[in-house]
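Novice: Predicted structure and sequence below. I'll ask about it afterward.
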Amino acid sequence: MLSQPICQQARLSRDRRYDGLFFIAVTSTGIYCRPVCPVQPPKEQNVRYYATAHEAALAGYRPCLRCHPDSAPGSSLWIGADVTLKRAIRLIDEGALHDSNVAALASRLGISERYLRKLFQEKLGIAAKQYALYRQVLFAKQLLHQTALPITDIAFMAGFGSLRRFHDEFKQQLRLTPSQVRGNRTRHMSTILQLELPYRPPLNWPLMLAFYQARTLEGMEWVEGETYGRTIYWPLHQPQYHGWFEITPDPTLPVMQLKLDWPDANSLQAVVHHIRQVLDLDADSQTIDQHLAAAGGFPVHVGLRLPGLWSPFEAAVRAVLGQQVSIAGARTQLNRLVQGIAATTLPDGRRRFVTPSELANSALDMIKVPQARRATLNALGAAVQQQPHDAPTAWLSIKGIGPWTVSYALMRGQGEPDVWLGGDLGIQKALKAVAIDPSAFAPWRSYATFQLWHLPKTDKEPA
DNA sequence: ACGACAGACTT
DNA sequence: AAGTACATGAAG
């Protein structure tokens, strides 16, 4: 937590750099704000500072209606959390506690329920279920602000099992009823949802866009102007639903404009959260860039995030087809793969990525690769089909899948921040040029990897 | 690890 | 007058 004088100075000058790092609760009004809030600054004697929005809410304050202090990215809770806890948080954000309980989540994580409870209480100071409810309420609030959906629908989309329960929890956390939050506002609404995804600057969108553009697959991904779009599926490894999204940076605010076509209300929160994570919007670029710059050796691209793929499976398939060939070569084979399976054409003419079972059962004669590569892909498809919840490291036992491929899947498929692609040709070359021990980049070695890929123009980047 | 109880959740 | 949308008390 920042010290009181720093917070005071930051709020009085409405310093953007401190946005999201702390929150201002005002005892006289019972409301809490962001440091950038446009209102008349309250007297210091009436002010209490909190590190997170949730702590302020717990202390009985309700979020300000002008600066929306709860809409700042939720990454602060993640800082200092260990791997299991992060996985738990991720699963909860994807709705793991909506209709099953903490016990089920614990067994999914391979730990005891007791230990999971302890983990949350000790590291976050809040119970797992409480955290889940907090995210559910915030998601509902976002939909109230940014869509015209009926409040009843929103309740269920946010994962509440009954209207009654939704109203109760909403009021307890925000001290406002859902309709009070919505106000008069009636915005456009169709089957296509438009939402704003806030992030903490800086964000180097041009660089990410270029990375995506060089790798787009026909009908499945597209880049137009500043917009990146792609088709998506859920759940990740046994797709039941298909849709697409487009994402564009807002010209003035630190917000990405999301256009989302998604058919299933129940998984909406999971999908929106997954989009955030694929685009790495929760990364704290300021800290990461500082760290990489301190490690030294090369000029840092400011605000570079990890441009993710939709699933670890998809990342692994791309990695396997990218072994030993250029980006363009890999892209050709991937296009053939997707187009060679007729079922990938969606009703609207777009294309979706192949599923694990399709990959497992196809003869794969549409792609021109060594036979061994086909066998690897078949085996990968079968493995994911049978054990959809296995981590990518489990795929190491498949012939043709080595550490490089798994690392790539972790980095691009699940946004792992600290993966080092030491075996990569481009990386080895770049590293020789800068002469640094890669351990200096920890715990942000994935970002260092992307920085180095973008460094000088190398001809052998992976697909 | 266990049981009682509070309060989370549904109708 | 009937129907829809939202909020909330009561009970299990």
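Specialist: Noted; the coordinates are in hand.
Novice: okay, CA-based contacts and neighbour counts for the rest of this
Specialist: Noted.
Novice: give me phi/psi at A:C33?
Specialist: Main-chain torsions, A:C33, degrees, to the nearest 10: phi -130, psi 170.
Novice: in the sheet, who's paired with it?
Specialist: Counting by DSSP bridges, A:C33 is bridged to A:I24.
Novice: List the residues that contact it.
Specialist: A:C33 is in contact with A:F23, A:I24, A:A25, A:P63, A:C64, A:C67, A:H68, A:P69, counting by CA atoms under 8 Å, 6 or more residues apart in numbering.
Novice: Just the buried residues of those residues.
Specialist: A:F23, A:I24, A:A25, A:P63, A:C64, A:C67, A:P69 (16 or more other CA atoms under 10 Å).
Novice: Kindly indicate which of those residues lies nearest DNA strand B.
Specialist: A:P63 (20.1 Å; CA to the nearest atom of the strand).
Novice: out of everything not next to it in sequence, what's closest to the closest residue to DNA strand B within the stretch 201-350 of chain A?
Specialist: Nearest residue of the stretch 201-350 of chain A to DNA strand B, counting by CA to the nearest atom of the strand: A:N266, 13.3 Å away. Residue nearest to A:N266 in three dimensions, not counting chain neighbours: A:M157, with 5.2 Å by CA to CA, 6 or more residues apart in numbering.
Novice: Give me the neighbour count for the one you found.
Specialist: As a burial measure, A:M157 scores 21 neighbours (other CA atoms under 10 Å).
Novice: go on, the one 4 residues further on?
Specialist: A count of neighbours around A:G161, defined by other CA under 10 Å, yields 13.
Novice: ok, for the residue nearest the centre of chain A, nearest residue in space, not its chain neighbours?
Specialist: The residue lying closest to the centre of chain A (CA atoms, centre = their mean) is A:Q277, at 0.7 Å. Closest residue to A:Q277 apart from its sequence neighbours, by CA to CA, 6+ apart: A:G415 at 7.1 Å.
Novice: Now do the same for that neighbour: its pLDDT.
Specialist: Per-residue confidence (pLDDT) for A:G415: 92.
Novice: and it, what is it in contact with?
Specialist: A:Q277, A:V278, A:D280, A:L306, A:G308 are the contacts of A:G415 under CA under 8 Å, 6+ apart.
Novice: contacting residues for the residue in chain A positioned nearest to DNA strand B?
Specialist: Closest contact between chain A and DNA strand B, by CA to the nearest atom of the strand, is at A:G161 (3.2 Å). Contact partners of A:G161, counting by CA under 8 Å, 6+ apart, are A:D99.
Novice: give me the element it is part of.
Specialist: A:G161 belongs to no helix or strand when elements are defined using DSSP states H and E.
Novice: what residues does the stretch 101-250 of chain A put near DNA strand B?
Specialist: For the stretch 101-250 of chain A, the residues in contact with DNA strand B (CA under 7 Å from any atom of the strand) are A:K129, A:F160, A:G161, A:S162, A:L163, A:R164, A:R165, A:E169.
Novice: Let me see the contact set for the second one.
Specialist: The contact partners of A:F160, taken as CA under 8 Å, 6+ apart, are A:H98, A:Q136, A:F166.
Novice: Among the residues you listed, name the ones in helices.
Specialist: Among the contacts of A:F160, the members found in helices (DSSP state H) are A:Q136, A:F166.
Novice: returning to what we had before: tabulate the contacts of A:C33 (JSON lines), appending distance to A:F298 and pLDDT.
Specialist: Formatted as JSON lines, the contacts of A:C33 follow (distance: CA to CA, whole Å; pLDDT from 0 to 100):
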{"residue": "A:F23", "distance to A:F298": "35", "pLDDT": "92"}
{"residue": "A:I24", "distance to A:F298": "38", "pLDDT": "94"}
{"residue": "A:A25", "distance to A:F298": "42", "pLDDT": "93"}
{"residue": "A:P63", "distance to A:F298": "42", "pLDDT": "88"}
{"residue": "A:C64", "distance to A:F298": "42", "pLDDT": "89"}
{"residue": "A:C67", "distance to A:F298": "38", "pLDDT": "87"}
{"residue": "A:H68", "distance to A:F298": "38", "pLDDT": "87"}
{"residue": "A:P69", "distance to A:F298": "36", "pLDDT": "86"}
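Novice: Brilliant, that's me finished.
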